[in-house]
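S.K.: Could you look at this predicted model? Sequence included:
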Amino acid sequence: MKEFIYTPTGVCSTEIRFSVDDNGALHDVQFTKGCNGNLKAIGKLVEGKDAREIAELLKGNLCGIKGTSCADQLSKAIFASV
């Protein structure tokens, strides 16, 4: 299993950590800072799912007028890593 650390931009979260197994499944998604309850929920919802499918699903999700969101940043992190 490969572990990744990503520094998001334009959002409240300051770090995203996750792992991708040999089958391309996403595991242990953790956000530092940000909306704690919502970000924990994202981690639970994506656990064990195909990383590329999750990246496509979350791509372009926006938070207010920021032009991005923590979910969108997770998508960018996945695309940058796998």
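M.R.: That came through, no problem.

S.K.: residue ranges for the strands of the protein, please.
M.R.: 2-6, 15-20, 26-32 (DSSP state E).

S.K.: Enumerate residues external to the shortest one that contact any of its residues.
M.R.: The contact list for strand 2-6, computed with C-beta atoms under 8 Å, 6 or more residues apart in numbering, reads 15-20, 28, 73-74, 76-77, 80-81. Just so you know, the C-beta spots here come from the backbone N, C-alpha and C atoms, and that holds for glycine as well.

S.K.: This protein: helices as residue ranges?
M.R.: Ranges of helices in the chain, per DSSP state H, are 36-46, 51-58, 70-81.

S.K.: could the ones you listed go into a markdown table alongside mean pLDDT and mean neighbour count?
M.R.: Shown next, in a markdown table, are those (pLDDT from 0 to 100; neighbours: other C-beta atoms under 10 Å):
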| stretch | mean pLDDT | mean neighbour count |
| --- | --- | --- |
| helix 36-46 | 97 | 14 |
| helix 51-58 | 98 | 18 |
| helix 70-81 | 97 | 20 |
